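> below: sequence and its predicted model.
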Amino acid sequence: MSGHSKWSQIKHKKANTDAKRGKAFTKIVKEISIAARLGGGDPGGNPRLRTAIESAKEVNMPHDNIKKAVMKGTGELPGVTYEEFVYEGYGPAGVAIIMEVMTDNKNRTLPEIRFILAKTGGNLGETGCVSWMFDKKGYILVSKAKASEDTVMTVALDAGAEDMKNDPEEENFEVITQPEDFTAVKEALEKAGLAMESAEVTMLPKNYVVLDAKAAEQMLRLMDALEEHDDIQNVYANFDIPDDVAEKLGK
């Protein structure tokens, strides 16, 4: 899991600017609205909406913004109707990429994504071309500085986690869950007072493409560009960066 962990940690080292915060708000509002539209406005009976609202609270989104996003999704307030798409493709060195998209205009979004990929030597692929290389899992990073391996393992596995990994070269323990067990495991870790660096339901690669310095720099630029796009909610990729390269690029 080292490639996934390194990308997560590189992202966390970046500055949390107001612009990035505003962009996070935009993406979360979309997710809340579509979750409410598909599953109803009650987070108690709508796990996807509950997770989206938790994400909103983590970035300190005002309660009124959350409420309005839910009401737009349920139709109580007028709002834009978004469609969901999943695009697949390739980046530098043949890295596999999955992009989850929410847009009100597919005819605008698709060419923009194709252009971003092409700028770094990547390309858009057919549906299913890379999705088989990933598994959907809950993925939680717990700080080693504030918890012992035995404690994290006991709490996580008792709550239903699938696995826990301890890479000696990483700063965090990695807790893996089935998507349906993610919330229970996350809440158990919170209740035990264990500090989580990140917690998400994600697509974990089954294998990784190890990148040299040049390809790694290209790949990180591509990931930044894709994640900056307003219509792209999530990006998953199967790249791994050697420690010395990751340290330089993460500064």
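Here it is on my side, so go on.
> how is this structure carved up into domains?
The chain is divided into the following domains under automatic domain parsing: 17-74, 84-132+207-250, 134-205.
> weakest of those by average pLDDT?
Lowest mean pLDDT within the domains of the chain: domain 17-74, at a mean of 87.
> kindly indicate whether residue 116 is helix, strand or coil.
Judged by DSSP: H, G, I helix; E, B strand; the rest coil, the three-state class of residue 116 is helix.
> correction: residue 80
coil.
> torsion angles phi and psi at the closest residue to it other than its chain neighbours?
Closest residue to residue 80 in three dimensions, ignoring its sequence neighbours and counting by CB to CB, 6 or more residues apart in numbering: residue 104, at 4.9 Å. Heads up, the C-betas are built off the backbone N, CA and C, glycines and all. Main-chain dihedrals, residue 104, degrees, to the nearest 10: phi -100, psi 0.
> please tell me how far residue 104 sits from residue 172.
37 Å (CB to CB, to the nearest Å).
> okay, and the nearest residue to residue 142 once chain neighbours are set aside sits in which element?
In space, and not counting its chain neighbours, residue 142 is closest to residue 173: 4.6 Å by CB to CB, 6+ apart. Using DSSP states H and E, residue 173 falls within strand 172-177.
> for that strand, the distance to its chain's centre please.
15 Å (CA atoms, centre = their mean, to the nearest Å).
> that one pairs with which strands, parallel or anti?
Strand 172-177 has the following strand partners under DSSP bridges: strand 134-143 (antiparallel), strand 163-165 (antiparallel).
> if we can go back for a sec, any chance of TSV for the domains of the chain, columns mean neighbour count?
Output for the domains of the chain, formatted as TSV (neighbours: other CB atoms under 10 Å):
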stretch	mean neighbour count
domain 17-74	17
domain 84-132+207-250	17
domain 134-205	17
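> how about this structure, which residue sits the furthest from its center?
residue 76 (29.0 Å; CA atoms, centre = their mean).
> how close does it get to residue 122?
Look at residue 76 and residue 122: by CB to CB, they are 41 Å apart.
> ok, now residue 225?
Distance of residue 225 to residue 122, given as CB to CB: 10 Å.
> same check, this time on residue 93
10 Å.
> next one: residue 138
Residue 138 sits 28 Å away from residue 122, going by CB to CB.
> hang on, the earlier thing: state the next helix or strand along the chain beyond the strand holding residue 173.
That would be, after strand 172-177 and using DSSP H and E, helix 182-191.
> chain center to the helix or strand following that next one: distance?
Following helix 182-191 in sequence order, the next helix or strand is strand 196-205 (DSSP H and E). Its chain's C-alpha centre and that of strand 196-205 lie 6 Å apart, by CA atoms, centre = their mean.
> just checking, what packs against strand 196-205?
When contacts are defined as 3 or more CB pairs under 8 Å, 6 or more residues apart in numbering; DSSP states H and E, strand 196-205 sits against helix 2-13, strand 134-143, helix 182-191, strand 232-237.
> what strands line up against it, and which way round?
Strand 196-205 has these strand partners (DSSP bridges): strand 134-143 (antiparallel).
> mind checking how far the strand it pairs with is from the chain centre?
Counting by CA atoms, centre = their mean, strand 134-143 comes out at 10 Å from the chain centroid.
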